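Student: I'd like to go over a predicted model; first the sequence, then the structure.
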Amino acid sequence: MSFLSDPDSNEENRPWWAGSRPRWRSPWSFDEEEEPVAAPVVKEEVKIRVEVPKEEVPTSRALPNGLAKGMEVERVVVPKVRPPERLVERVVAPVQEEKIVPEVVSEPIEVERIEEPTVTVKQESRRETDEDDLAEGEEEGWNGEEIRSQYRRRAKRRRRGVKRVGTSWTSLVLMAMAVLSLTFLAWLYVSDAEEVEDKDLMIATPADLTPTITAPGRLAVFLGSVTAVPNADLIGRPVWEWDTGAMVNWLVENSQALDNLKDLLEDLDWHGRHASWHFADLGNHPNWAAAMMLKQVEAAYLQRDGKHEAALSAALDLAELARRLQDIHAWPSFYFRSIETHRRCTDTLAELLQRTLASEEALGSFQQQFEACEPLDEQVKRNVLPGFYLYEKKRLMGIQSGEPIDTMPAGVRRPVPKQLFFKTNETLGIMANTMRHLVRQVGQTSAGATALREVWEGVSGSREVAAYQPNGRGVVYARRELEPYLDVPARQQLARTRHLLVVQLFAMRRFVVGEKGLPQTLESLVPKYLKSRLTDPFSGEAFHYDSGRGLIYSVGSDLEASGGRAHLAPLADPGEPTIKIGVQKATGGG
């Protein structure tokens with residue numbers, strides 16, 4: 001059998017040209033394949049024996065070491081390499097003998113048997129350090145296994161190429177802290193607050209499920225029919241100072257508008273919680289200022305014409321209109337329009353009652369109608385401010401707010417687009433907290449003196465921050481949208497003060513007609529002319545009364561009483577609202 005077909009044949013019998021057989025490894029072996037490392041070169045002596053027949057090699061000269069003359073023997077250096085311990089194969093290069101051509105001499109010589117010459121060859125290692133380590137190991141008495149393990153470690157390091165750099169514990173701690181810091185920052189900027197709990201800010205009045213209502217359409221028709229004031233100079237002047245001709249001309253132009261308003265007020269129920277009010281923001285109609293001034297001009301003209309009860313009735317139409325508008329919570333503009341309409345009503349009544357000649361019975365009836373239109377604090381707490389919050393929630397979240405689709409402002413369904421530094425839930429939470437703070441402020445004696453900056457300081461998370469902070473843009477958005485609502489408690493407080501002053505003026509004029517004089521104190525009006533003693537919303541105490549000058553006044557937003565504002569128009573100064581009775585002596589008449 002040949003060495004090619006017999007895998008178990010002795011490696012030493014393989015010819016030099018066949019090379020060494022590769023080592024076989026199992027494909028399921030998990031051992032790390034190591035590069036075979038050349039074992040240290042072992043010096044071996046190679047003996048070459050040369051024999052020359054006596055009869056063929058004549059002797060011509062003496063040869064060293066007893067060789068025949070004319071013979072030249074080359075020393076052949078043949079290294080023999082011992083393979084590594086882990087390799088079973090042993091590679092021995094064959095020694096090729098030199099053919100010696102003897103020189104023929106005349107005299108035959110006798111060739112003696114010579115000693116086998118030895119030639120030693122020293123083979124260089126792959127690295128000079130390996131030979132140095134070997135020599136050092138031999139000097140220290142290492143055995144063969146220790147030398148081989150040393151060479152294996154050297155080979156592994158050479159295969160890795162680059163020496164591994166160690167990492168200290170300090171570096172690992174710093175890297176961990178950096179990763180945690182980046183993770184925390186990412187969470188801080190990306191994560192949003194939980195869903196806002198706002199059940200306490202829901203409108204107390206239930207939704208109106210009436211199939212169809214006509215009030216929104218009638219209100220739009222009325223506002224659309226009002227014509228503007230023809231002369232711009234008249235707009236800045238009180239209606240009491242208009243000349244009669246200007247009054248008559250403008251009233252004639254708006255006769256259709258007056259009829260439309262009458263039809264609108266005859267509808268006793270406007271269904272303020274109906275979805276139809278959400279379709280259009282009628283509270284921001286551009287003709288509102290002219291519409292309110294129209295009723296003031298009508299009342300002033302009727303009194304100038306001697307129709308005192310009709311004049312008071314025209315003024316009370318403004319009070320009724322203000323009450324109806326306050327019951328609509330679809331748009332914030334309805335409440336602000338209600339407050340403005342109520343202010344014009346009180347201004348008109350304060351002027352009319354100073355000179356009225358209406359009977360006590362008529363005054364009592366008008367007083368009851370006016371008392372029913374009082375802007376109540378409870379209404380603002382339970383419906384107005386929650387309505388503001390619900391409106392802003394719909395604008396911010398769209399249909400995600402959970403409200404019915406037909407109640408979306410003007411049909412807006414999409415929420416505010418997602419953007420960096422803007423968190424929807426956190427922004428909505430700021431709005432909810434602000435509305436809760438405003439609800440607590442309504443009815444407080446200090447509501448009128450509270451500055452806007454104090455409101456922001458009382459709401460968590462609403463203070464002004466940089467735009468690049470986690471919810472910087474959300475805070476900016478919330479502050480911008482909530483700013484119109486911050487003075488609602490102060491507006492409500494001033495509106496109630498003005499209303500109660502006019503109620504006392506009604507009672508005072510009735511007392512003057514019935515008793516033919518002025519009372520000594522305001523308590524004298526109870527219970528015949530007033531159901532109960534009225535207190536100043538700014539101070540929580542009784543209103544101030546000056547019978548000598550015929551004034552009733554409040555301490556106002558500055559919380560200081562300085563004798564009233566007799567030189568100004570009635571209720572003109574919110575710092576100290578004042579009305580004139582029209583009678584300065586206790587024995588005077590109206």
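Tutor: Received the coordinates, thanks.
Student: Walk me through the domains of this structure.
Tutor: Using automatic domain parsing, the domains assigned to the chain come out as 180-209+376-486, 218-373, 490-580.
Student: out of these, which comes closest to residue 173?
Tutor: domain 180-209+376-486 (10.6 Å; CB to CB). Any C-beta I mention is one placed from the backbone N, CA and C, and that applies to glycine too.
Student: thinking again about what came up before, can you list the domains of the chain in TSV and add mean pLDDT and mean neighbour count?
Tutor: What follows is those, written out as TSV (pLDDT from 0 to 100; neighbours: other CB atoms under 10 Å):
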stretch	mean pLDDT	mean neighbour count
domain 180-209+376-486	84	16
domain 218-373	94	18
domain 490-580	92	19
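Student: Of all those domains, which one is nearest residue 156?
Tutor: Per CB to CB, nearest to residue 156 of the domains of the chain: domain 180-209+376-486, 36.6 Å.
Student: can I get the domains of the chain in TSV with distance to residue 170?
Tutor: Below are these laid out as TSV (distance: least, CB to CB, whole Å):
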stretch	distance to residue 170
domain 180-209+376-486	16
domain 218-373	60
domain 490-580	60
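Student: Any idea which of the ones you listed gets closest to residue 149?
Tutor: domain 180-209+376-486 (43.5 Å).
Student: Regarding the closest one, how distant is the last residue from the first?
Tutor: 41 Å (CA to CA, to the nearest Å).
Student: Show me the strands in the protein, by range?
Tutor: Remark: strands assigned in the chain by DSSP state E are 46-47, 58-59, 107-108, 118-119, 544-546, 551-553, 578-580.
Student: hmm, who's touching the last one?
Tutor: The reference is to strand 578-580. 350, 354, 501-502, 504-505, 550-554, 564-566, 568, 570-571 (CB atoms under 8 Å, 6 or more residues apart in numbering).
Student: show me the contacts for the nearest residue to residue 561 once chain neighbours are set aside.
Tutor: Spatial nearest neighbour of residue 561, excluding adjacent residues (CB to CB, 6 or more residues apart in numbering): residue 555 at 4.8 Å. Residues in contact with residue 555, defined by CB under 8 Å, 6+ apart, are 536, 538, 539, 544, 561, 576.
Student: Same check on residue 230?
Tutor: 246, 249, 250, 253.
Student: Could you measure from the second one over to residue 300?
Tutor: Taking CB to CB, to the nearest Å as the criterion, residue 249 is separated from residue 300 by 14 Å.
Student: ok, residue 198 - contacts?
Tutor: Residue 198 neighbours (CB under 8 Å, 6+ apart): 389, 393, 428, 432.
Student: do the same with residue 314
Tutor: By CB under 8 Å, 6+ apart, the neighbours of residue 314 are 295, 298, 299, 302.
Student: ok, the nearest residue to the second one once chain neighbours are set aside to residue 353 distance?
Tutor: The one in question is residue 298. Spatial nearest neighbour of residue 298, excluding adjacent residues (CB to CB, 6+ apart): residue 314 at 4.7 Å. Relative to residue 353, residue 314 is positioned 14 Å away (CB to CB).
Student: Residue 567 too?
Tutor: Taken as CB to CB, the span from residue 567 to residue 353 is 19 Å.
Student: Residue 152: which of the domains of the chain is closest?
Tutor: Here domain 180-209+376-486 is closest among the domains of the chain (CB to CB), at 42.1 Å.
Student: Provide a list of residues in contact with the residue nearest to residue 562 when sequence neighbours are not counted.
Tutor: Distances taken as CB to CB, 6+ apart put residue 576 closest to residue 562, at 6.4 Å, once the chain neighbours are dropped. By CB under 8 Å, 6+ apart, the residues touching residue 576 are 553, 554, 555, 556, 558, 560, 561, 562, 564, 565.
Student: can you check residue 404 too?
Tutor: So residue 404 contacts 207, 275 (CB under 8 Å, 6+ apart).
Student: contacts for stretch 232-244?
Tutor: Contacts of stretch 232-244 (CB under 8 Å, 6+ apart): 229, 246, 247, 293, 296, 297, 300, 301, 304, 351, 569.
Student: Which of those residues fall in helices?
Tutor: 246, 247, 293, 296, 297, 300, 301, 304, 351 (DSSP state H).
Student: would you turn these into a markdown table with distance to residue 191?
Tutor: Supplementary listing: these in a markdown table, determined by distance: CB to CB, whole Å:
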| residue | distance to residue 191 |
| --- | --- |
| 246 | 64 |
| 247 | 64 |
| 293 | 53 |
| 296 | 55 |
| 297 | 59 |
| 300 | 62 |
| 301 | 65 |
| 304 | 68 |
| 351 | 60 |
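Student: of all those, which comes closest to residue 223?
Tutor: residue 293 (13.1 Å).
Student: wait, doesn't the closest one sit right on residue 229?
Tutor: Yes: using CB atoms under 8 Å, residue 293 is in contact with residue 229, at 6.9 Å.
Student: Quick one: the contacts of residue 555 as JSON lines, columns for distance to residue 200 too.
Tutor: Converted to JSON lines, the contacts of residue 555 look like this (distance: CB to CB, whole Å):
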{"residue": "536", "distance to residue 200": "30"}
{"residue": "538", "distance to residue 200": "28"}
{"residue": "539", "distance to residue 200": "30"}
{"residue": "544", "distance to residue 200": "38"}
{"residue": "561", "distance to residue 200": "37"}
{"residue": "576", "distance to residue 200": "36"}
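Student: closest to residue 180 among those residues?
Tutor: Among those, and counting by CB to CB, the member closest to residue 180 is residue 538, at 55.1 Å.
Student: how close does the closest one sit to residue 549?
Tutor: 20 Å.
Student: next one: residue 583
Tutor: Following CB to CB, the distance that separates residue 583 from residue 549 is 10 Å.
Student: for residue 442, same thing?
Tutor: Applying CB to CB, the value for residue 442 to residue 549 is 33 Å.
Student: next one: residue 472
Tutor: In terms of CB to CB, residue 472 sits 55 Å off from residue 549.
Student: now residue 250
Tutor: The gap separating residue 250 from residue 549 is 35 Å, by CB to CB.
Student: Go through the contacts of residue 198 and flag which are in helices.
Tutor: Filtering those for helices - DSSP H - leaves 389, 393, 428, 432.
Student: need the contact list for the nearest residue to the third one once chain neighbours are set aside.
Tutor: Think residue 428. Closest residue to residue 428 apart from its sequence neighbours, by CB to CB, 6+ apart: residue 196 at 5.0 Å. For residue 196, the contact set (CB under 8 Å, 6+ apart) comprises 425, 428, 429, 432.
Student: nearest to residue 413, of these?
Tutor: The closest of these, once distances to residue 413 are taken by CB to CB, is residue 428, at 16.9 Å.
Student: Does that closest one touch residue 396 like I think?
Tutor: Yes: between residue 428 and residue 396 there is a contact under CB under 8 Å: 5.9 Å.
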